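**Q** using only what follows, build the 3D model:
(chains A and B)
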Amino acid sequence: MEALNLQDAELIVRNMRFVYPPPKKLEAIKRVDFTIRHGEMVALIGHNGSGKTTLSKLISGYLKPTEGTIKIGGMEVAKMHPRVRPTVVGYVFQNPDQQVFKDSVLEDIMFGLLNLHTPPEAAEKKAREYMERLELTKYADLHPFRLGKGDRQRVAFAGILVMDPKILIVDEPTTGQDPEKAREIMRLLQQLNRENGITVIVVTHSMDLVAEFTKRIIVMGGGEILLDGTPKEVFSQPEILAKTYVQPPQIARLGLEMQWKDLPMTVDEAVERLTAEVQKESVR
Amino acid sequence: MRPLYQFAAGDSFIHRLDPRTKLIFALLYMIAAFIIPYPWWMFLAIILILWIGAGIKISDYLVFLLYMLPLVFTLTLIQMLIGPRPGITIFGLGIPFLSYAGWLTGVRISFRLATTGMGFVLFSMTTDPFDTGMSLYKSGLKYNIAYMFAFALRFFPLLQEELFVIMSALQARAYAAVGSSNPFTIVRGIVSSVTPLGVGALRRSQDIALAMERRGLGFPTELGTTRVIFRDIRLRFFDYFIMVLSALGLIVMILHFGWGGQAWDPGVWIKR
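**A** The predicted structure follows:
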């Protein structure tokens, strides 16, 4: 019998393959192997249909691998009890409207905790803590559907985070958000990763945000892992990225055009490099 | 397994039939299931018709059959408890309070309901929703009403897909509706999904209605001009042949059982 070690909730995927059952019969994941250490913040990128959402659903236990294993904290995800799984791996879906089950923001955030048999007082206390943290306190008694999309997204986050998952998977959190809200969401994920030590896996198409906020990128294409490394390592290989229709962010492309070995990932880094280049030129 | 009632595109004999033919066939078939004293044969026959005639395997609509099981079980049990008693013997064990006539009635009702559902499966899985709309339009219904029916059919599988996502979101909140093998827990999960599903459907239908108006769906009616149709449907020889054959089959069945047909015992292990 495998024991679950939540102190070190390392995610280990070994020789994993997934084929959708008939009538689809699509081999969505073709043998992947990787490890995500506890406390990492990872971006999963790739074109539509590259297998990133399927992979994230496999990690969270919604799908079972056709072959191979996915273990978190030493235990196979597929074998975890349905009540245990959400406390190990949380999944925030792309559309917040599909995650509203109660008539007020407070009750909706408490919903998962009550399903875990947490006493109501303790559940309310914890839900209020997260509402405070995500700036939702003023909406406590409102119906979630009366909030704007960004706020509903935060309610969905709170509903999952309140269950203290060790790994948080967020499916395209910035889609449909204005640039400032998108950065706010990424800042929140970064904060959760740094302060709470939660492993964060973000499925996204937003390369600028990935370059700025994550430390590791896994690039999917045709059901395989094409690249796995730091943003600098990954974005320095545009020819491989092109296979999955991913373009490095503008700042990285500037670095590629300038043939810099160390690609800038932020505007500040680019300014620093350009200033250094100009100074070098003026000395000559 | 695809969402229930979703059109399964194909080029089979049944797929090529006119929607009106399939609708008439399905309706007559359902009526026949209520006349025949052994509806299980009708149930098995429609599974074969779907498989051989349309290439649609049982795994594609298995979920429908599984969801029927609790209903079938409850119906049969109620009939066995309330039906006239002489008592029955199951695997050699005499059970005095269960009714043999009730058992027969329960099984018949269950198979009739299942056959009715399968009639809808045959129609919806082999008919393009827009062909259904076109057949309604050709039958004299207003275009926008016919289009609404067609779109509703197309909308149904989308709602089912949305329901799966919502059920997964419930599972993410430790509400074990999807992972459960208990049909009552699954039903509770479906009930909890009603609000997000309903709100999503309303928002989506509002967007679709606006988008269709922006694409001029109502222009021909407003301007009093003729609607231009790109993809038309028409009744062919085989359509008439199937319709006549189905009607004849039903008439023969009514005449035959009018003189008293014998029912096959639906379970030799259960005796009076």
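**Q** which residues of chain B lie near chain A?
**A** For chain B, the contact set with chain A under C-beta under 8 Å from any C-beta of the partner chain comprises B:1-2, B:8, B:57, B:59-60, B:162, B:165-166, B:168-176, B:179-180, B:192-193, B:195-196, B:199-200, B:203. (C-beta placed from N, C-alpha, C; glycine too.)
**Q** try 6 Å
**A** Counting by C-beta under 6 Å from any C-beta of the partner chain, the residues of chain B close to chain A are B:2, B:59-60, B:165-166, B:168-169, B:172-176, B:179, B:192, B:196, B:199-200.
**Q** what residue ranges in the stretch 51-200 of chain B are flagged as low confidence?
**A** B:85-97, B:176-181 (pLDDT under 70).
**Q** ranges for the strands of it?
**A** B:88-90, B:93-95 (DSSP state E, counting those that start in this stretch).
**Q** tell me which parts of chain A are close to chain B?
**A** Close to chain B, as judged by C-beta under 6 Å from any C-beta, chain A has residues A:22-23, A:62, A:82-83, A:86, A:91, A:93, A:97-101, A:111-112, A:115-116, A:145.
**Q** number of nearby residues for residue 25?
**A** If you meant another chain, say so; for now it's chain A. Per other C-beta atoms under 10 Å in any protein chain shown, the neighbour tally for A:Lys25 reads 8.
**Q** sorry, should have said chain B
**A** Neighbourhood size, B:Phe25 [other C-beta under 10 Å]: 23.
**Q** which residues touch it?
**A** Listed by C-beta atoms under 6 Å, 6 or more residues apart in numbering or on different chains, the contact set of B:Phe25 reads B:242, B:246.
**Q** please identify the buried residues of the helix or strand hosting it?
**A** Per DSSP states H and E, B:Phe25 falls inside helix B:19-35. By 16 or more other C-beta atoms under 10 Å in any protein chain shown, the buried positions in helix B:19-35 come out as B:19-26, B:28-33, B:35.
**Q** and what of stretch B:226-245?
**A** Judged by neighbour count using 16+ other C-beta under 10 Å, the buried positions of stretch B:226-245 are B:233, B:239, B:242-243.
**Q** could you do stretch A:181-198 as well?
**A** Across stretch A:181-198, burial judged by 16+ other C-beta under 10 Å covers A:181-186, A:188-190, A:192-193, A:198.
**Q** please look at A:Met41 and A:Asn193 and confirm they touch.
**A** Yes - in terms of C-beta atoms under 6 Å, A:Met41 counts as a neighbour of A:Asn193; the distance is 4.4 Å.
**Q** where do the contact lists of these two overlap?
**A** A:Val200.
**Q** how far is the lengthiest helix in chain B from where the chain is centred?
**A** Longest helix in chain B by number of residues (criterion: DSSP state H): helix B:143-172. Centre-to-centre, helix B:143-172 and its host chain are 16 Å apart (C-alpha atoms, centre = their mean, to the nearest Å).
**Q** stretch A:29-48 too?
**A** For stretch A:29-48, the separation from the chain centroid amounts to 10 Å (computed by C-alpha atoms, centre = their mean).
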